[in-house]
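**Q** based on what follows, work out the 3D shape:
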Amino acid sequence: MLRAMIVDDEAPARSELKFLLEQTGKISSITEASSVRSAIEMLMESRVDVVFLDISMPGASGLQLAEALHKLKNPPAIVFVTAYSDHAVEAFDVDAVDYLLKPVEEARLDQAIEKVLTRVKPQTESKVSIERIPVEKGGRKVLIPVDQIRYIMAKDDYSCIFTDDDRFLSTTSLAQFEAKLCDFGFFRVHRRYIVNLACVEDVETVPSGAIQLGITGMEERVPVSRRRVVPLKKALSL
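**A** From the prediction side, this is the model:
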């Protein structure tokens, strides 16, 4: 599965593309950036396999970002997603994998993802680079082994990390945790929750029709957003 980033200054466009990507079952994590500048900041924090990139944005353009990424030793794959067809030649000059026109069709998106999968080898590096997550606890730095984390919840400006016997606050965003931990079997089930799939004990459908997860050693049940139900079931082989 692929780690993806969407770069588009229009929130509705990002939301629609994110939904379509989630439905493919081939994307393990999705981060979003509203500008080239914020995309660069996020890419410095964590690696992604593919960037779905708009071209016309305020400030620096998507083509400028693609040119910069193309110069890297191991650049992510680039798929342009734009409302205009007149930049296609320039797009392939920076070795873009594909060029999709808005509104994006599901079949074309699937084709683009298959092209990306033939080019990159997703999720092969981060297991070497991180095995523990640093957090602050009582004025000191604590390193939490990744396999001890049950789930992570967004709370105000913090992320709350739950283990079987403690919890920790971190200033790292849920999107950053999603990108860092996807190789370790963690899955974004809700805009406020990431869970360790190895710790999912049961899947329950409540009277409202919503899905909730029971987590090993945890009393609180974790909600699953409706748009994440299908990819979650695929991840759990249900």
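**Q** can you spell out the domain ranges of the chain, please?
**A** 2-119, 127-235 (automatic domain parsing).
**Q** so which of the ones you listed has the densest surroundings on average?
**A** Mean neighbours per residue, mean count of other CB atoms under 10 Å, is largest over those for domain 2-119, with a mean of 18. The C-beta positions use only the backbone N, C-alpha and C, and glycine is treated the same way.
**Q** how long is that one end to end?
**A** With CA to CA, to the nearest Å applied, domain 2-119 spans 12 Å between its terminal residues.
**Q** so that it lines up with my notes, have the first residue be 208 from now on.
**A** Renumbered: residue one is now 208, and that last one reads domain 209-326.
**Q** so after the worst-scoring helix or strand of the chain on mean pLDDT, what's the next helix or strand?
**A** None of the helices or strands of the chain scores lower by mean pLDDT, DSSP states H and E than helix 333-336, at a mean of 44. Using DSSP states H and E, the helix or strand that follows helix 333-336 in sequence is strand 339-344.
**Q** show residues contacting the helix or strand just after that next one.
**A** Remark: after strand 339-344, the chain's next helix or strand is strand 347-352, criterion DSSP H and E. Outside strand 347-352, the residues that touch it by CB atoms under 8 Å, 6 or more residues apart in numbering are 338, 339, 340, 341, 342, 343, 368, 370, 375.
**Q** for residue 212, see how far away the nearest residue to the fifth one once chain neighbours are set aside is.
**A** Spelled out, that is residue 342. Spatial nearest neighbour of residue 342, excluding adjacent residues (CB to CB, 6 or more residues apart in numbering): residue 375 at 4.2 Å. Counting by CB to CB, to the nearest Å, the gap from residue 375 to residue 212 is 26 Å.
**Q** now residue 384
**A** 15 Å.
**Q** low-confidence stretches in the protein?
**A** 294-296, 298, 328-337 (pLDDT under 70).
**Q** again, 80 this time
**A** Segments of the chain classed as low confidence (criterion: pLDDT under 80) are 252-253, 278, 280, 291-301, 327-337, 343-346, 390, 445.
**Q** helices along this structure, start to end?
**A** 218-231, 243-252, 269-277, 295-300, 313-326, 333-336, 381-388, 436-442 (DSSP state H).
**Q** contacts for the second one next, please.
**A** Contacts made with helix 243-252 from outside it, assessed by CB under 8 Å, 6+ apart, are listed as 212, 214, 238, 240, 258, 264, 266-269, 271-272, 275-276, 283, 382-383, 386.
**Q** check the last one too.
**A** When contacts are defined by CB under 8 Å, 6+ apart, helix 436-442 is touched by residues 229, 230, 231, 232, 234, 394, 396, 404, 418, 431.
**Q** just how off-centre is that helix within its chain?
**A** 15 Å (CA atoms, centre = their mean, to the nearest Å).
**Q** cool, the second one as well?
**A** Its chain's average C-alpha position is 14 Å from that of helix 243-252, according to CA atoms, centre = their mean.
**Q** could you give the angle of it to helix 381-388?
**A** Taking axes from the mean of the first three to the mean of the last three CA atoms, to 10 degrees, one finds helix 243-252 and helix 381-388 inclined to each other by 40 degrees.
**Q** now the angle from helix 243-252 to helix 269-277?
**A** Using the same axes, to 10 degrees, the interaxial angle of helix 243-252 with respect to helix 269-277 works out to 20 degrees.
**Q** ok, now which ones touch residue 216?
**A** Here residue 216 is in contact with 241, 242, 261, 264, 265 (CB under 8 Å, 6+ apart).
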